[in-house]
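A.B. asks: Model the following, please.
(chains A and B)
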2 protein chains.
Amino acid sequence: MPNLDFVFKPSSVAIVGASTKIGSVGSDIVKNLAQGFSGLVYPVNPKAEELCGLKCYPSLTAIAAPVDLMVIVVPAAVVPMVLEEGGSLGIKGAIIISAGFKEAGKADLENSVKDICLKYDIALIGPNCLGIINPSLKLNASFAAFTPAAGNVAFISQSGALCTAILDCATSMGIGFSKFISVGNKAVLDETDILHYLKNDEDTDVVAMYAEQLAEPKKLMAKIKEMSHNSKPTPVVVLKSGKTSAGAGASASHTGALAGNDAAYAALFRQSGIIRANTAEELFDYIKVFSTNKVKSAARLAIVTNAGGPGVLAIDATVLAGLSVATLDDTTKQALAAALPSEANIHNPIDVLGDAKADRFSAAIEAVMVDKNVDALVVILTPQSMTEIEATAKVIIAARDKYNKPIVAAFMGQELVAPGLAILNNNRIAAYSYPESAIKSLSVLEKFHQDTQSKIEPITEFDDVDREAVSKIFAQAKASGIHSFPEASALAILAAYRLPVLTSRLAHNRAEAEVIAKEIGKTMVLKIVSQEILHKSDAGGIMLHVAPEEAGAKFEEMMARVAVNRPEAKLEGVLMVEMILDPGVELILGSVQDASLGDAIMLGLGGVYVEIIKDVIFGLNPLSRADVFKMIDGLKSKNILEGARGAKPSDKEAIVECVLRLAKLLSDFPEIKEMDINPLFVLEAGKGAKVLDARIVIE
Amino acid sequence: MPNLDFVFKPSSVAIVGASTKIGSVGSDIVKNLAQGFSGLVYPVNPKAEELCGLKCYPSLTAIAAPVDLMVIVVPAAVVPMVLEEGGSLGIKGAIIISAGFKEAGKADLENSVKDICLKYDIALIGPNCLGIINPSLKLNASFAAFTPAAGNVAFISQSGALCTAILDCATSMGIGFSKFISVGNKAVLDETDILHYLKNDEDTDVVAMYAEQLAEPKKLMAKIKEMSHNSKPTPVVVLKSGKTSAGAGASASHTGALAGNDAAYAALFRQSGIIRANTAEELFDYIKVFSTNKVKSAARLAIVTNAGGPGVLAIDATVLAGLSVATLDDTTKQALAAALPSEANIHNPIDVLGDAKADRFSAAIEAVMVDKNVDALVVILTPQSMTEIEATAKVIIAARDKYNKPIVAAFMGQELVAPGLAILNNNRIAAYSYPESAIKSLSVLEKFHQDTQSKIEPITEFDDVDREAVSKIFAQAKASGIHSFPEASALAILAAYRLPVLTSRLAHNRAEAEVIAKEIGKTMVLKIVSQEILHKSDAGGIMLHVAPEEAGAKFEEMMARVAVNRPEAKLEGVLMVEMILDPGVELILGSVQDASLGDAIMLGLGGVYVEIIKDVIFGLNPLSRADVFKMIDGLKSKNILEGARGAKPSDKEAIVECVLRLAKLLSDFPEIKEMDINPLFVLEAGKGAKVLDARIVIE
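C.D. replies: Sure thing, here's the model as predicted:
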C-alpha cells in the first residue's frame, strides 16, 4: 500500500506541465500552489525561467532535490514517461490531472500508468481529475477556482465539474474541508484506499462523497464498517447518481427481472452503513449535521418554536423520519410553565409564541436540554416583528456549549434571518431553512449513532459443503457446452451446499422403494415415472400421504394399477418425494450479477404476487447473519413471516441459513450468473424451510 | 355570497382598535395602511386625535362617510358590538385580527360574529388572523413586518406565524404577490370562498396555501376543478401539515384500521387536482415554476449542462419525477455537433463542457428549443473558472422571450452564482440551486397541464336504488338500539342499492327449493341449516355444483342423508347460494368517516394480504367514474386486475359500479359510520363482481 501522506502532506511539490498561458490548467495549478503553501514548489517547464515568482526547472531530474509529490499536467501520451522519471527519482506521490486515458478509450495507456505506480510504490490520484486540496496546509494542488476554508469534512468527488459548485455552496454554509479530493479514473487509488487513509486522519470528522459508480463492495463495506466502529467513528455520506439509468437488458431469471439498477447499490449502502444522500441538497444537509455534532443519539427530539404551523410541520417530519417527539418530564413542564406566558404550549413542540424574544427561547431551551427524555434539540425560528434573530442564534450556541446533546436550527425565511444564519454557520451550528431538512438530518445522525453501537458480525463460514461435487458438475457442463441447469440438476447443486432441498429419489422396484422410504423417513408423495405418461393423476400414478412403512406395498400397488390403466406405457419406476404437509410461506431466493458490484442476492415474497407486489430485497456478498435479518426486516411482507393474523411465525433462522448457504455457493463459484430458488417454502419456526424448485445459469 | 372586493379592493378602510402604543398590533396596522395605500384610511380610537398623520375618529359612526372595509383589533368580547355597528352603517368588508374566539374555546362568541356577518352580508376574514395584503394597491391591512412586492401569486395561510417567513423567503426569491391572506378561524369565509374570488382575479396566476385542516371537500373539489378548467387555468398548490398526527383511535372495521390520517387528504388532493407540496421548500419550488411559466406540457425535457455529474443527477430526477428525457431530432444533433466542441455530448443531457462560455450555452439552447421533441428546458450551470454566470442567465432569459416553452434553471453553488440567480429571479425565470428541485417542479407543471386537458366528468346518478328500504331498515334498527349490521342484514342493505350481492335463500321444503332454484338460475351450493350442526360437511350437509333443475331432488337427498347422519339435530332447511365457479380477484371495499372530510371510501386488495401489504386507496364523495378508475390505477396490485402472468383481465367496470353504488349509499345515509365489503370478488372482464360478505356500522 503506497503512502498517501506523499499526496496530502508533501513537503515539496513539482508541477510537470506548468504553463505560462494564463487561464490554462497548467498555469492555474502553479498559481494555486504558489499561494500560501509552506512547502517547496517546483514548476517544471523547459521553456520558462520563472512562474508566479517560482523558479522553473526543465525536468524533474533537474530539480536535484527530494520531491514528495508530482502533479502532472502534460498530454496523456507523455504521462508514462514523466511518471517513470519521477518514480526512478524516488517520488512517491503523484496526481495526474491530464485526461485522455480510459475515459477516452485508452485503457492501455492507463494500464501502463498503473504498472509504473505499482513498480515504484507511487500513491497516485487520477488520471483525469481536478486534483486535491488540503486547506489546513494551504496546499491547493488542483485547478479549482479557490482554496476553501479548513474544516473537518473530507470530500471525495468522482465528478470534477461538480467540485466548484460544492466548494461554492460549502463556503457560504460555513463548511470547511480537511481534504478535498477529485478521484478521476481511480487508476491506482480508489475510494476505499482514500477512506483507509482518512480513517486515521485527525482533521476529518465526516467523509462526503459524490460517486457515479462504486466497485469492490467487499473491500468498501469492510472499510466503512471499520470507520463506523473506529475509536472516533467517522460517517461516510454518499450521493450516488445513475439510480435510474437503463438496466442491464433482458434477463433469464425472475431475480434478474426484479433487480432494478439501484437494487445492488441499496444493498451496498444498507450493509455497509453508508449514509445515502438522495439529492445534492441532502448531501449538504447531512454534511452539516455531522460536521457540527458529536455522534450521539438523536432519537427523541425536543422542538422549540416561535410559530405553531412550523411546529406541526416539524412533528410530521419527526414521525416520517422515524424519530420520536420526546415526552417531557413533569419537572420540565413545570419549568416551562414558570418561564413562558400562559398561552405558550409547554408540551412538545414547545411554542414560545410569536412575540418571543431571545430570553424566552433561552428559558425553553434550558428547560428541555436538562430533560433526560430529550436526546436532541430542534430550534425553529420565524422572523416575526419582535423576534431577536441574532440574539436567538447566540442562545443556541450557548446551549450547544453547555449541553452535550445534538442541536440543529431551522431559521425560516431568507434575508431577514440571514444575519442569524451567518452567526450559526460561523459557530458551527447546523442551520437549515426548513424544519423538514433539519429533522431529516438529525435522523441520519441517529441512524449513524445506532450503527456505531451495533456489533460487527463475522461472516458465517460453512465446513459442511461439498465444493468438489459442484466443481465436477460445472466442469462436466462446461465441457458439454451446457450453461443452464433446470430443476433436478440445480437441486443437486443446492443439495451439495446443504440447502434444504426436498428429498426425491427414483425407485425401480419394491426393495429399492423400501430402502428409499426408510432414508426419507417422512410422509411422501409417490409419482409414476414414464416418458409416455403425461397426466400421472389420470393414470392412477399419483399417491399422496404415503407413510414410510407402507411405501413398499404402495409401490407395487401403483405399478400394477398404472400397468392396467396404461398397458402401452413403459414404466421407469416411481419417484418418491418428501411431502410438505403445511407449506408455510412461499418465498423466492435468487441471485444476479451486477455489473459493478458482483453477486446480488435476492430474497422476496414468492408465489403469484412476486412480480406484481415486487416485494424483494437484495444483499451483497459477503453477508453476515445480521445482514440477512436486516434483509428480512426490509421486506414489506415481513409481518407475514412474523405470523400476521393469528398464523404461526415462520422459521426465520431457516431463511437466514438458506441465504447464507446460497451466498457461500456464489462466492465459491463466480461462474454462476443468475439463479432462482422458486419456490422456497419457509415452515413455522423450528421446522425449517424447503427448496422445491430451482434453476441456475452459469457463464 | 358577500362581495370580497370590499376586503381586497376597498376605497376606504377603518381600523377599529387603532393604537398609539408603538409596536402593538393596533399601531402596526395603522402604520402599514398609512404607507402608500391610495384609498381613505380612518383610524378609530376615542382617545387619540391623530395616528401616523391620519385623523382619528371616536367610532365608526363618527366617520360619517362611506367605509368599505373595517379592520377590527379590539378585544374579542367587544368585537360583536363593533361588527354590529359597522354592519348597520353598511360596511360590507371586515377583517377581525383579534384572537380569543373558537381557538380559545369561545365558539359562542364566534357564532355571534358569524350571525352578524350573515345578517349584514359582510365579507369577513378571520377572526384570529394576521390580516390581508393587496400589494398592487399598496393595501397592507395586516401587522406583517413589511409589504411584499406585487406579483401573480395569491397566498392563503392558516398559520399567521408562518406568514412572515413566507414573505421573507418570497422576497429574496423575487416572488411577488397578488393577494396575501391570513384566514384565521374562517368564521365566515373559508379557502373555497377565497378561491372562488381568486378564480377571476386577473392579477393571480397561481394560488399557494398553507393549511392545517380543510373541510367541505365537495365544495372545495368542485372549486379547484373549476379553476383548473377555467379560461385561464389557475393551479392551487397546498402544503398541508398534520400528516402524521395521532389517528382517530381504535376502529371496528378493516377499513377504519387501514385509514391512516392522511388517506382522506390524499384522496382530496388526487380528486381535486390540488398540487401537493410535501415540505415548505417544495411549496416555494412549485410557486416558482407556476409563477414564471405558462401552463404548458413539460413531459419531454432537454437538459443543457456544463457539468457531467449534475447531468446524470438530472436524468435520475427526470425519471423519478415521471418525465422523460427528450430524444433529440437528428437535425438538432447536427446543429449541436456544428456548434459545440467535439468532446461535448450532443445527446440529451447536452454537456456543453466545463469551459463553456455563455455563447456555447446559447447555441445549445437555441438548437434544442426548436426541436419538436422537446417540451421544456432545464439549464444546469456549475461555476467553473471560465463560466460566464451572468451572461448565461441572460441567455436563458432571451430563450424564454423567444420560445414559448417552459424553462427552469439550476445554478449550483451559492455566492459565486448569486449574481446569476438575482438576474434570473428579477426576470421571472424559475431558478433553483439543485437540478432535482428544478425537475420536480417541472413535473408538477406537467401534472397540472395534464389536469387542465382532462374532462370534468359528471357524478354518476342511480335511479334504481331502493332508498326507502334502507331507510326502513335503519329506522327499525335505531328504534331497537342496533348499530351494527352483520352479514345477512348488511347484504340486504347493499342489495337494495343493487350491489352484486351473492343470491342466497333458505328453502324449507322441496317445492320452495325448486322455486328458489329457478329464481337463482345458476349453479348453486346447498348448505344444511341447523343450530345443532357445526360441521356441515361431516354431516353430509354441503353439496357443490348443484344445477337449478336438480335442486329439488338434491334438497330431498340432503335432508334425508343429514337426518340419518345426525338424527338428534333439528333441521331448519337448506340454504341455497349461487356458486362462484371462478372467484377472480379478491378485493375489499369499505368506508370510514374522516373527522374533517367525511366519508372516505376505501378500495384495496383483499384476502390474507390486506393488512400486510396494505395496498388500499381512498376516495371522497362525490366520486366520478374517472375518479374511481384513478383509484384502481393507484393500487400497487393494479397489474393483477389487468391480468398479470397470463390471467384474464378483471372486470374493472364492475369495480367502478360497486364503488359508485357504495358512494351513493353513503351520500344518502350519512349515519353510516363505517363499513366493509369483504370479500368483493371481481370476475373476469364482462362477468361482473360479487359481494360475499359485509358489515355496516351506523351512529
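A.B. asks: quick one: the spatially most central residue of chain A from chain B, how far?
C.D. replies: For chain A, the residue nearest the mean C-alpha position is A:Phe269 (1.4 Å; C-alpha atoms, centre = their mean). Taking C-beta to the nearest C-beta, to the nearest Å as the measure, A:Phe269 falls 15 Å from chain B. C-beta coordinates here come from the backbone N, C-alpha and C atoms, glycine included.
A.B. asks: Quick check: which element contains that residue?
C.D. replies: helix A:263-272 (DSSP states H and E).
A.B. asks: The helix or strand that contains A:Met576 - contacts with which helices or strands?
C.D. replies: Using DSSP H and E, the element containing A:Met576 is strand A:573-578. Counting contacts by 3 or more C-beta pairs under 8 Å, 6 or more residues apart in numbering or on different chains; DSSP states H and E, strand A:573-578 packs against strand A:504-507, helix A:510-520, strand A:524-529, helix A:551-565.
A.B. asks: Which strands border that strand, and is each parallel or antiparallel?
C.D. replies: Paired neighbours of strand A:573-578 in the sheet (DSSP bridges): strand A:504-507 (antiparallel), strand A:524-529 (antiparallel).
A.B. asks: Just read off the phi/psi values of the nearest residue to A:Phe462 once chain neighbours are set aside.
C.D. replies: Nearest residue to A:Phe462 in three dimensions, chain neighbours excluded: A:Lys664, at 5.3 Å (C-beta to C-beta, 6 or more residues apart in numbering or on different chains). Taking degrees, to the nearest 10, you get phi -60, psi -50 for the backbone angles of A:Lys664.
A.B. asks: Quick one: neighbours of A:Lys664, just the number.
C.D. replies: Neighbourhood size, A:Lys664 [other C-beta atoms under 10 Å in any protein chain shown]: 22.
A.B. asks: For it, give its distance to B:Met602.
C.D. replies: Using C-beta to C-beta, to the nearest Å, A:Lys664 is found at 46 Å from B:Met602.
A.B. asks: mind checking pLDDT for the residue of chain A most remote from its centre?
C.D. replies: Going by C-alpha atoms, centre = their mean, the residue of chain A most distant from its centre is A:Val564, 63.1 Å out. Per-residue confidence (pLDDT) for A:Val564: 90.
A.B. asks: Just list the residues touching the residue nearest to the centre of chain A, thanks.
C.D. replies: Going by C-beta atoms under 8 Å, 6 or more residues apart in numbering or on different chains, A:Phe269 touches A:238, A:276.
A.B. asks: shouldn't A:Lys9 be in contact with A:Asn134?
C.D. replies: Yes - between A:Lys9 and A:Asn134 there is a contact under C-beta atoms under 8 Å: 6.9 Å.
A.B. asks: what are the phi and psi angles of A:Leu40?
C.D. replies: phi -90, psi 140.
A.B. asks: should've said A:Ser27
C.D. replies: Geometry field for A:Ser27 lists phi and psi as phi -90, psi -40, criterion degrees, to the nearest 10.
A.B. asks: Which residue, neighbours along the chain excluded, lies closest to it?
C.D. replies: Per C-beta to C-beta, 6+ apart, closest to A:Ser27 is A:Ser19, 4.5 Å.
A.B. asks: now do A:Leu162
C.D. replies: Nearest non-adjacent residue to A:Leu162 (C-beta to C-beta, 6+ apart): B:Gly309, at 4.2 Å.
A.B. asks: A:Phe180 too?
C.D. replies: Nearest one to A:Phe180, counting by C-beta to C-beta, 6+ apart, is A:Ile133 at 4.0 Å.
A.B. asks: how about that neighbour, secondary structure?
C.D. replies: Under DSSP: H, G, I helix; E, B strand; the rest coil, A:Ile133 falls in the strand class.
A.B. asks: Now do the contacts for it.
C.D. replies: For A:Ile133, the contact set (C-beta under 8 Å, 6+ apart) comprises A:139-142, A:144, A:147-148, A:177, A:179-181.
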